[in-house]
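Novice: sequence first, then the predicted structure, then my questions.
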Amino acid sequence: MQKQIIILSPLEQFEITTLLPLSVSGFNISVTNSSFFLIIVSLVMIFWLSLSFYKTTLIPNNWQSVKESAYIVTSNMIQENIGPKGEFYFSFVFSLHLLLLYCNFIGMIPYSFTVTSHIVFTFGLALSIFVGINIIGIQTHGFKFFALFLPKGVPLVIVPLIVTIEFLSYIVKVFTLSIRLFANMTSGHTLLKIIAGFAWTMLSAGGLLAIFHIIPLGLLLTLIGLELAIAGLQAYVFTLLTCIYLNDVLDMH
């Protein structure tokens with residue numbers, strides 16, 4: 001009898017499944033694998049921060065050093081892109097940076113779930129940040145904030161066109177912010193799954209192919225290192241763009 005090899009779709013890892021069905025007054029509040037791993041990410045963040053504050057010494061221990069490194073990276077990001085006025089928003093930016101970092105890194109663990117690989121999460125996060133930033137802009141500048149959509153010295157005839165273009169380019173920030181993170185995480189994990197499936201298929205086939213499965217396996221290990229770097233970079237880029245957008249509404253660029 002010929003042995004059958006079942007090849008799973010590389011997109012199955014992104015399927016949202018219900019772990020605990022819950023419904024309150026007709027509203028579905030079931031616990032899914034996405035929400036479950038988001039809870040895990042939050043708990044790991046709290047646990048990591050607790051470790052970094054445990055038995056602190058003048059000479060930083062390993063946990064302190066890691067926390068201080070993350071703190072310095074975020075602090076430099078704020079100082080370079082927002083300036084001294086950005087210190088007020090440090091807690092938010094630091095929490096956002098850590099959340100995305102842990103979501104991306106925990107998603108690299110086999111059989112886990114990458115929360116940031118779903119556009120509904122990244123878009124919801126980007127939209128909430130965008131709304132919050134605009135509220136800050138209106139509170140800071142009042143109605144002058146809307147002058148952001150009308151550059152000075154524009155002829156009256158083309159004002160409607162310029163305002164429309166500026167408004168659309170301003171709104172598109174939400175999509176670029178969310179799609180960049182979603183697309184990078186999804187494409188990277190899909191590629192890893194394809195290469196891993198290819199290596200497993202060669203190994204299962206036996207014979208000469210089983211020997212040469214080392215080639216895609218070596219490529220897989222290389223891509224895992226690259227994907228880890230991308231996971232950290234995308235968390236940094238998302239946070240960096242948030243700082244830039246925040247600075248734009250504070251200084252009315």
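Specialist: Perfect, I can see it now.

Novice: if you drop the residues flanking it in sequence, what lies closest to the residue nearest the centre of the chain?
Specialist: The structure's the chain has its C-alpha centroid closest to Leu100; by C-alpha atoms, centre = their mean the separation is 4.4 Å. Spatially, and ignoring its direct neighbours in sequence, Leu100 is nearest to Ala235 (3.7 Å; C-beta to C-beta, 6 or more residues apart in numbering). Bear in mind the C-beta positions are built from the backbone N, C-alpha and C, glycine included.

Novice: what helix or strand is the one you found on?
Specialist: helix 214-251 (DSSP states H and E).

Novice: determine the longest helix present in the protein.
Specialist: helix 159-205 (DSSP state H).

Novice: how far does it sit from the chain's center?
Specialist: Distance of helix 159-205 from its chain centroid, counting by C-alpha atoms, centre = their mean, to the nearest Å, is 11 Å.

Novice: please export the C-alpha coordinates of the helix or strand of the chain with the lowest mean pLDDT as CSV.
Specialist: When the helices and strands of the chain are scored by mean pLDDT, DSSP states H and E, helix 207-212 comes last with a mean of 74. Extracted C-alpha coordinates of helix 207-212, given in CSV (Å, rounded to 0.1, in the frame of the first residue of the first chain):
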residue,chain,number,x,y,z
GLY,A,207,15.2,7.4,0.2
LEU,A,208,17.5,10.0,-1.3
LEU,A,209,15.0,12.8,-0.6
ALA,A,210,15.2,12.1,3.1
ILE,A,211,18.9,12.9,3.0
PHE,A,212,18.5,16.1,1.1
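
Novice: do you know how far Ser52 is from Gly206?
Specialist: 49 Å (C-beta to C-beta, to the nearest Å).

Novice: which one of those two is surrounded by more residues?
Specialist: Higher neighbour count among Ser52 and Gly206: Ser52, with 19 against 10, using other C-beta atoms under 10 Å.

Novice: now do the same contact list for that one.
Specialist: Neighbouring residues of Ser52 by C-beta atoms under 8 Å, 6 or more residues apart in numbering: Trp63, Gln64, Val66, Lys67.

Novice: can you tell me the closest non-neighbouring residue to it?
Specialist: Lys67 (3.6 Å).

Novice: burial count for the one you found?
Specialist: Lys67: 18 neighbours (other C-beta under 10 Å).

Novice: now Phe123
Specialist: With other C-beta under 10 Å as criterion, Phe123 counts 17.

Novice: swap in Trp63?
Specialist: Counted with other C-beta under 10 Å, Trp63 comes out at 17.

Novice: is it fair to say it lies in a strand?
Specialist: No - the assignment for Trp63 (DSSP: H, G, I helix; E, B strand; the rest coil) gives helix, which keeps it out of a strand.

Novice: which residues does it contact?
Specialist: Trp48, Leu51, Ser52, Tyr54.

Novice: for Ser178, see how far away it is.
Specialist: Distance from Trp63 to Ser178, by C-beta to C-beta: 32 Å.

Novice: circling back to that earlier point, check which helix or strand the residue nearest to Ser52 maps to.
Specialist: For Lys67, the host element (DSSP H and E) is helix 62-81.

Novice: so Thr239 sits against Ser75, correct?
Specialist: No - shown here, Thr239 and Ser75 do not form a contact pair, counting by C-beta atoms under 8 Å, at 11.9 Å.

Novice: ok, those two, which is more surrounded?
Specialist: Thr239 (24 against 16).

Novice: chain neighbours aside, what residue packs nearest to that one?
Specialist: His97 (4.4 Å).

Novice: next, the one you found: secondary structure please.
Specialist: helix.

Novice: for it, give me its contacts.
Specialist: Ala70, Val73, Thr74, Met77, Ala235, Tyr236, Thr239.

Novice: nearest to Leu125 among the contacts of Ser52?
Specialist: Lys67 (23.1 Å; C-beta to C-beta).
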